[in-house]
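Visitor: Predicted coordinates and the sequence they were generated for:
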Amino acid sequence: MVEPDGGSESTLIRGMAIFAAVVTAALYLLGLLAIGLAVSEVGDGADSTPLRECQDAAHGPQGAHVLGHEVRFIPLDVMCRTTDGRHFASPVVLSWLNPALACSLAGTVIFTVGAIARRIEGRRSGMRAAWAAIPGKRSARAKGGRGSSKGTVSAKTESSSPPSRPS
């Protein structure tokens, strides 16, 4: 099927939207896998509670004892909780993952909106072309109908004298 008015461009935009959505889903699943593997180790054997990444974190508060962890799904993150109530991010989720997720999600939204707009534009131009192809259908302006300056004005002329009678 040949698409009217830039069909290959429309297909490219739809393809990019699908690709960006697949990349977004893959990145999110990668983050969930990393979090799931780290959290699954909690409670398995000696020295496994709290989360090992929270215990070994070099950027955590000095002298604070780690009490537990919280998993956040948007953005993907594991926050370590200390006994004094402070929180700090654990290195479970790769540092580049959330910015990459944000970029791919933005790309998904932009390409999806572009594909939808292109499809609506294509339907409108297709409907115009179909309407113009109907035989005998012309616009009112071309016929001299309503809205046209070429319309004819008919006026009856009456004479003041009565009609003549045959004698």
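Guide: Cool, the structure landed. Numbers count the residues shown, from 1 in each chain.
Visitor: Contact partners for residue 31?
Guide: With contact set as CB atoms under 8 Å, 6 or more residues apart in numbering, residue 31 has these partners: 76, 93-94, 97-98, 101. The C-beta positions use only the backbone N, C-alpha and C, and glycine is treated the same way.
Visitor: Mind checking which of the residues you listed land in strands?
Guide: residue 76 (DSSP state E).
Visitor: okay, the contacts of residue 31 in a markdown table with pLDDT, distance to residue 52 and neighbour count next?
Guide: Shown next, in a markdown table, are the contacts of residue 31 (pLDDT from 0 to 100; distance: CB to CB, whole Å; neighbours: other CB atoms under 10 Å):
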| residue | pLDDT | distance to residue 52 | neighbour count |
| --- | --- | --- | --- |
| 76 | 92 | 18 | 20 |
| 93 | 87 | 15 | 23 |
| 94 | 88 | 17 | 13 |
| 97 | 95 | 19 | 17 |
| 98 | 95 | 21 | 16 |
| 101 | 96 | 24 | 20 |
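Visitor: Which residue ranges of the chain form strands?
Guide: Counting by DSSP E, the strands of the chain are 66-73, 76-82, 87-89.
Visitor: Just name the most buried of those.
Guide: strand 76-82 (a mean of 19; mean count of other CB atoms under 10 Å).
Visitor: thinking residue 34 is in contact with residue 93, fair?
Guide: Yes: the pair residue 34 / residue 93 is scored as a contact, 6.0 Å apart, by CB atoms under 8 Å.
Visitor: which stretches of the chain aren't confidently modelled?
Guide: 1-6, 43-49, 56-61, 63, 136-167 (pLDDT under 70).
Visitor: May I ask you to name the longest helix in it?
Guide: helix 97-132 (DSSP state H).
Visitor: Okay, buried residues for that helix please.
Guide: 97-98, 101, 104-105, 107-108, 111-112, 114-115, 118, 122 (16 or more other CB atoms under 10 Å).
Visitor: For stretch 125-137, list the C-alpha coordinates in CSV.
Guide: What follows is stretch 125-137, C-alpha atoms only, in CSV (Å, rounded to 0.1, in the frame of the first residue of the first chain):
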residue,chain,number,x,y,z
SER,A,125,-5.0,15.0,2.8
GLY,A,126,-6.3,11.6,1.7
MET,A,127,-9.9,12.7,2.4
ARG,A,128,-9.3,15.9,0.4
ALA,A,129,-7.9,13.9,-2.5
ALA,A,130,-10.8,11.4,-2.3
TRP,A,131,-13.4,14.2,-2.2
ALA,A,132,-11.8,16.0,-5.2
ALA,A,133,-11.8,12.7,-7.2
ILE,A,134,-15.6,12.3,-7.0
PRO,A,135,-17.0,13.1,-10.5
GLY,A,136,-19.5,16.0,-10.6
LYS,A,137,-18.4,17.3,-7.2
